[in-house]
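**Q** Mind looking at a prediction? Sequence and model below.
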Amino acid sequence: MSPADPPDPPPSAAALLRSRDFMLFWSTRVASTLGVQIQSVALGWQVYEVARRTHTVAQSAFYVGMIGLATFIPVLLLALWAGEAADRYDRKRILQICYAGEIASVLVLLVASIFGFATIPLLLGVAVMFGVSRAFMGPAGTAMGPMLVPRSLLPRAIAWNSLAWQGGSILGPALGGVLVSLSPAVAYGGTTVLYLVAAATVSMIVMNTQPEVQAGSGWTLIKEGLAYVWGNKIVFGAISLDLFAVLLGGATALLPVYARDILHVGAEGFGMLRAGPAIGATLIAVWLAAHPIRTRAGPIMFAGVAVFAIATIVFGVSRNFWLSVIALAILGGADMLSVYVRQTLIQIVTPDQMRGRVAAVSSLFVGASNELGEFRTGVAARFMGAVAAAVGGGVAALIVTGLWAKLFPALRKADRLE
């Protein structure tokens with residue numbers, strides 16, 4: 001086929017629905033995402049609530065930001081080894097062990113909330129436990145998904161995976177806000193049930209999820225994965241753009257501050273604010289699931305990051321609750337668009353025996369952008385105020401978008417996703 005020829009039409013969604021193991025995997029992601037979001041809402045609200053008993057608004061915002069740092073530390077320390085493990089051991093078994101760790105983490109929160117001994121050090125300590133599970137779950141889950149579908153279905157499968165994540169993300173925060181308004185213990189109890197469902201459905205997958213193991217020590221394989229990411233400028237550019245854009249522009253850590261002390265909407269409004277990005281992301285994910293992007297991938301990704309930055313600025317200056325929700329929805333939709341392109345590009349160009357290690361580097365960068373982004377925002381809010389932290393982050397993300405478009409021309413010019 002010549003470059004001028006139009007691409008063949010993608011396989012229909014019905015072909016994906018007929019894949020039993022992929023749909024089980026998809027169901028696992030839905031349940032797990034719901035659990036993660038409900039737990040995240042409950043943990044953030046509980047940390048802020050406990051901190052406000054003895055600290056100022058700015059100091060309490062800093063403690064909320066510390067949740068991101070506590071979650072990211074295990075990812076930083078373990079991600080590369082987790083990627084090597086995902087390319088050496090059965091990926092389904094790794095996920096089963098990770099779900100067991102998540103169940104243990106949320107049970108600690110449940111017991112602490114029921115018996116009233118939840119403290120800031122305990123809550124942050126559980127965030128570290130949770131981070132250990134997430135460090136191994138990210139590479140194993142990312143690498144396992146493409147094993148369950150043929151290559152022709154991969155772009156559509158990635159869109160469906162994103163839909164699972166965003167669908168859970170839109171329902172999870174709203175449900176989490178309702179459950180937290182009853183009590184954090186109720187929220188943690190619901191999370192426990194969802195993690196159990198996720199563990200059960202992933203165990204029902206029957207396809208072989210053992211990767212073809214390459215020769216060499218663990219450290220040799222890790223170095224090989226790092227060299228691949230560094231040498232492939234499309235992969236490195238896409239991963240690093242996400243890192244710096246979200247690291248600088250992420251404002252979700254400030255949502256408890258905005259809900260309680262700026263917009264004055266309480267726990268229920270906090271849940272709606274948390275759901276805002278997922279509302280937009282879900283709409284875009286639904287559209288992508290039906291209409292996968294085939295061409296102009298690079299320009300679309302950069303446009304998505306730019307809109308993400310602008311929406312962050314609008315959210316930062318807004319004093320109207322519904323305008324804030326709309327800004328967050330636009331932010332989430334733009335982020336979904338860029339993430340979809342990035343994930344598809346990386347999955348298509350990466351060979352299966354290296355997907356775990358590449359996913360580990362990606363999860364390390366994504367973890368840095370999300371968790372360290374929350375920490376950066378919390379620190380900035382501590383010294384600059386919440387509004388300045390949000391607006392300044394959006395401006396910085398916009399600058400990064402333009403800089404990366406100049407530094408990575410191959411990524412900017414990337415065309416087909418097939």
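**A** Great, that's in hand.
**Q** pLDDT weak spots in the stretch 101-250 of the chain?
**A** For the stretch 101-250 of the chain, the stretches flagged by pLDDT under 70 are 166-167, 169-170, 214-219, 231, 249-250.
**Q** Packing partners of the helix or strand containing residue 158?
**A** Assessed by DSSP states H and E, residue 158 sits inside helix 154-182. Counting contacts by 3 or more Cβ pairs under 8 Å, 6 or more residues apart in numbering; DSSP states H and E, helix 154-182 is packed against helix 13-17, helix 20-52, helix 184-203, helix 266-290, helix 321-349. Heads up, the C-betas are built off the backbone N, CA and C, glycines and all.
**Q** right, and the ones you listed - which one's nearest residue 145?
**A** Closest of those to residue 145 is helix 20-52, at 6.3 Å (criterion: Cβ to Cβ).
**Q** What are the buried residues along that closest one?
**A** Of all the residues in helix 20-52, those buried under the rule 16 or more other Cβ atoms under 10 Å are 21-52.
**Q** quick one: average pLDDT of that helix?
**A** Averaged over helix 20-52, pLDDT sits at 87.
**Q** relative to helix 184-203, how tilted is it?
**A** 160 degrees (axes from the mean of the first three to the mean of the last three Cα atoms, to 10 degrees).
**Q** list the helices and strands helix 20-52 packs on?
**A** Against helix 20-52 (3+ Cβ pairs under 8 Å, 6+ apart) you get helix 13-17, helix 57-86, helix 91-115, helix 120-144, helix 154-182, helix 184-203, helix 255-257, helix 266-290.
**Q** Just the angle for that helix relative to helix 266-290, thanks.
**A** 160 degrees.
**Q** could you list every residue that touches residue 379?
**A** Going by Cβ atoms under 8 Å, 6 or more residues apart in numbering, residue 379 touches 62, 65.
**Q** same thing with residue 82?
**A** So residue 82 contacts 135-136, 138-140, 356, 360, 363 (Cβ under 8 Å, 6+ apart).
**Q** run the last query once more with 7 Å
**A** 135-136, 139, 360 (Cβ atoms under 7 Å, 6 or more residues apart in numbering).
**Q** Please apply the same query to residue 27.
**A** By Cβ under 7 Å, 6+ apart, the contact list for residue 27 reads residue 201.
**Q** ditto for residue 59
**A** For residue 59, the contact set (Cβ under 7 Å, 6+ apart) comprises residue 51.
**Q** one more time with 10 Å
**A** Residue 59 makes contacts with 51-52, 382, as judged by Cβ atoms under 10 Å, 6 or more residues apart in numbering.
**Q** Relative to residue 43, how far out is it?
**A** Per Cβ to Cβ, to the nearest Å, residue 59 is found 18 Å from residue 43.
**Q** helices or strands next to the helix or strand hosting residue 303 in the packing?
**A** Under the criterion of DSSP H and E, residue 303 resides in helix 297-317. Applying 3 or more Cβ pairs under 10 Å, 6 or more residues apart in numbering; DSSP states H and E, one finds that helix 297-317 makes contact with helix 233-249, helix 266-290, helix 321-349, helix 386-407, helix 409-412.
**Q** Format those as CSV; extra columns: distance to residue 119.
**A** Listed next are the helices and strands packed on helix 297-317 as CSV, based on distance: least, Cβ to Cβ, whole Å:
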stretch, distance to residue 119
helix 233-249, 29
helix 266-290, 20
helix 321-349, 31
helix 386-407, 24
helix 409-412, 45
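**Q** Appreciated, that's everything.
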